[in-house]
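**Student:** Let me see the structure of the following:
(one chain, ligands or ions: 1)
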Amino acid sequence: MNNRTAKFWPTTALAAMLLAGCGSESSPSPSSGSSGGASGSGGAGGVSTGGTAGSADASVTDAGSSGGTAGAGGSAGKGGAGGSAGAAGSGAGGGAAGTSIDGGTGGTSVDAGRGGAAGSGGASVDAGRDGGAGASGAGGSSIDASTDIAPPPNDVDTGADTIVTFKNGVFWNDTQGKRIEAHGGGFIQVGKTWYWIGEDKSHNSGNFKGVNCYASTDLVTWEFRRAIITRQTAPELDAADRIIERPKVIYHDASQRYVMWLHWEGASYAEAAAGVFSSATVDGAYTFHKSFRPNNNMSRDDTLFKDDDGKAYFISAANENADLAVYELTPDYLDIKSQIATLWVSNWREAPAVFKQNGVYYLVTSGATGWDPNQAKYATATSMAGPWSALQNLGNNFAFDSQSTFMLPVVGKEATTYIFAGDRWQDPDLLGSKYIWLPLKVNGTTVTLDYYDQWKLNVTTGRWTPYDGFLPKANWKIVYVDSEETANDGRAVNAFDDNAATLWHTQYTGAKPGQPHEIQIDLGQAYRLRAMQYLPRLDKDPYGIVAGYDFYVSASTTDWGTAVASGTFASDRSAKRVDFPEKSGRYIRFVSRSEISGSALTSMAELDLVGAP
Ligand SMILES: [Ca+2]
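**Tutor:** Numbering: from 1, shown residues only. Take a look at the predicted model:
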């Protein structure tokens, strides 16, 4: 189910996929199908207003105007992955949508081809949402270098505090301006340098291409070192259906070698093994030791954890992902010594990641719903062998559209911030996958995960703060809302409560009034406004995400004048910032003209404004 639209399938479809044994990233490769399904015609290209030209990216600029190759049908019992259309070309005139061929014979699910990634600057295309019909594509978002991760402050080397800003939901580039390709990644700090080691998905496929290594001293400026595992690393890796996921590295003190464990797969995720490598240097070259099933268990999503006492542990999803196994490693870290725990039998937890604070281990996992996000959970223990606490919810029911891969401790002079490092897979396709990093809040043994579209980390002190570039919202009040769902807390005030997990949602119990919808807000005082930002919902439901919008600023609630901004948002979950010519006013009015699926509903996780008194 290599398709973003899988996220929006009804529960019954997900259940069917689970019964079919479809675990995380365990969808069959598109080539495994015997016959293709119906051809989905690509939708018409939408036109978006282009942003500033993005940095050159081969995956975007190389794409011409033709659509991508259609995907073959999946194997029986599971829907095949949809073919991705080609990326839109840069400049005016985006690429045409590609046709896609979906759905294996008798598949329980049918994926669709998606349009190409947005082109830089020009018109862009996002097409073909459902197999068969191929809905008309909405305009793609422009890739704007200025919205990428913020560069570090210029005084990064002067000894002053290093303060960085993380921006979620956008592409992160390396120091050469290329997208960081390190998905399902792990991190290791060596001296003052962090290394980020993860999967290269630049070929837009789940199959193995390489494991990349990047280096940084501030966590936002990432230098590409090299592909530290490639098809040439070992003959066993050079198989067409090889799949390598979730590489994790720890340091072995006695041998002074870096040891990597990862998820080792073959065709249709049937191999379900662990792979072990080591290297004298963190950034390679790594030597292949072996692939095997630890304790004869199936082994998929994994993590490594090196403890204070030098012992190390490997945790991986076992038994078709239904159980999670914890192994202590041998003293050389190259094998398992013993299986010390089997956690949450038949609870389908995967994507494990561990951190430790004050003698307490925290194990974060996701559910097993393929590429779909779901409810992240965590548990605690004072020994890796357990007993482990019951699973507790972490974040909202979609992990804010992400899946855990690593819990990264940033130890500063004053405090330690643990970063929830997650993957936003398939946004909208595998090539478009993003990294979602959020600060974990640990209080006692309770962990909280809230969403921040942007947040700041003082790497020197180890303390983090929310992004402070938006206007404070404490004095905002509703002037008017045309519709709000009160039975399920879709109140309009949720649009500005600084909580991404709460929504303004138009009424859907009883009456379901149609578009357009609007919300009018009194800011409490006049501001010179120059930008607004719409944050779509980041939970499991897609309903009400705004497509067409108008935005007004006024000194009066009876004369709104003309809109300062109008347009159509890209159909994804990223925050939508819209800059407009400065206008003063105490009141703002946001109008939703349409929803991404054409429904009557409107939802809003958060509205933010940029301006000055
Ligand atoms: Ca909210």
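**Student:** in the chain, which spans are helices?
**Tutor:** 11-19, 58-61 (DSSP state H).
**Student:** Check those helices for me: which has the lowest mean pLDDT.
**Tutor:** Ranked by mean pLDDT, these bottom out at helix 58-61, which scores a mean of 30.
**Student:** Now that residue 200 has come up, it's in contact with residue 181, right?
**Tutor:** Yes - applying C-beta atoms under 8 Å, one finds residue 200 in contact with residue 181, separated by 4.3 Å. (Each C-beta comes from the backbone N, C-alpha and C, glycine too.)
**Student:** Please enumerate the shared neighbours of these two.
**Tutor:** residue 212 (C-beta atoms under 8 Å, 6 or more residues apart in numbering).
**Student:** Between those two, point out the one with more neighbours.
**Tutor:** residue 181 (23 against 18; other C-beta atoms under 10 Å).
**Student:** Does the more buried one touch residue 202 like I think?
**Tutor:** Yes - assessed by C-beta under 8 Å, residue 181 is found in contact with residue 202 at 4.9 Å.
**Student:** Share the number of residues neighbouring residue 513, please.
**Tutor:** 14.
**Student:** what sits against the nearest residue to it once chain neighbours are set aside?
**Tutor:** Distances taken as C-beta to C-beta, 6 or more residues apart in numbering put residue 483 closest to residue 513, at 4.9 Å, once the chain neighbours are dropped. Applying C-beta under 8 Å, 6+ apart, we find residue 483 in contact with 506-507, 513, 517, 602.
**Student:** Kindly report the residues of the chain close to the ion.
**Tutor:** The interface of the chain toward the ion, taken as C-beta under 5 Å from the ion, is made up of 494, 497, 499, 502, 606.
**Student:** now those: which count as buried?
**Tutor:** 494, 497, 502, 606 (16 or more other C-beta atoms under 10 Å).
**Student:** Run through the stretch 51-200 of the chain and note the low-pLDDT ranges.
**Tutor:** For the stretch 51-200 of the chain, applying pLDDT under 70 flags the ranges 51-159.
**Student:** OK, now which residue of the stretch 451-600 of the chain is nearest to the ion?
**Tutor:** residue 502 (3.8 Å; C-beta to the ion).
**Student:** Surely that residue is in contact with residue 489?
**Tutor:** Yes - contact criterion C-beta under 8 Å: residue 502 and residue 489 qualify, at 7.2 Å.
**Student:** Leaving out sequence neighbours, find the closest residue to residue 548.
**Tutor:** residue 593 (3.5 Å).
**Student:** number of nearby residues for that neighbour?
**Tutor:** Residue 593 is flanked by 17 other residues according to other C-beta under 10 Å.
**Student:** wait, what's in contact with it?
**Tutor:** For residue 593, the contact set (C-beta under 8 Å, 6+ apart) comprises 515-516, 547-550.
**Student:** what about the residue lying closest to residue 216 once chain neighbours are set aside, distance to the ion?
**Tutor:** Leaving aside its chain neighbours, residue 216 sits nearest to residue 222 (4.7 Å; criterion: C-beta to C-beta, 6+ apart). Using C-beta to the ion, to the nearest Å, we find residue 222 at a distance of 31 Å from the ion.
**Student:** of all the contacts of residue 593, which comes closest to residue 375?
**Tutor:** residue 547 (27.1 Å; C-beta to C-beta).
**Student:** Please give me every residue in contact with that closest one.
**Tutor:** Neighbouring residues of residue 547 by C-beta under 8 Å, 6+ apart: 138, 568-569, 571, 593-596.
**Student:** Need phi/psi at it.
**Tutor:** For residue 547, the backbone dihedrals (degrees, to the nearest 10) come out as phi -110, psi -80.
**Student:** Give me the neighbour count for the nearest residue to residue 412 once chain neighbours are set aside.
**Tutor:** Of all residues not flanking residue 412 in the chain, residue 462 sits nearest, at 2.1 Å (C-beta to C-beta, 6+ apart). By the criterion of other C-beta under 10 Å, residue 462 has 17 neighbours.
**Student:** Thought residue 411 was touching residue 462, still the case?
**Tutor:** Yes - taking C-beta under 8 Å as the definition, residue 462 is a contact partner of residue 411 at 5.9 Å.
**Student:** got the domain boundaries for the chain?
**Tutor:** 1-144, 148-466, 477-612 (automatic domain parsing).
**Student:** Can you say which of these is packed in most?
**Tutor:** Highest mean neighbour count among the domains of the chain (mean count of other C-beta atoms under 10 Å): domain 1-144, with a mean of 23.
**Student:** could you list every residue that touches the residue nearest to the spatial centre of the chain?
**Tutor:** In the chain, the C-alpha nearest the mean C-alpha coordinate belongs to residue 424, at 1.3 Å (C-alpha atoms, centre = their mean). Residue 424 is in contact with 169, 373, 401-403, 433-436, 573, counting by C-beta under 8 Å, 6+ apart.
**Student:** Between the residues you listed, which sits nearest residue 237?
**Tutor:** Checking these against residue 237 with C-beta to C-beta, the nearest one is residue 433 at 21.9 Å.
**Student:** I'd say the closest one and residue 202 touch.
**Tutor:** No - judged on C-beta under 8 Å, residue 433 makes no contact with residue 202 at a distance of 10.5 Å.
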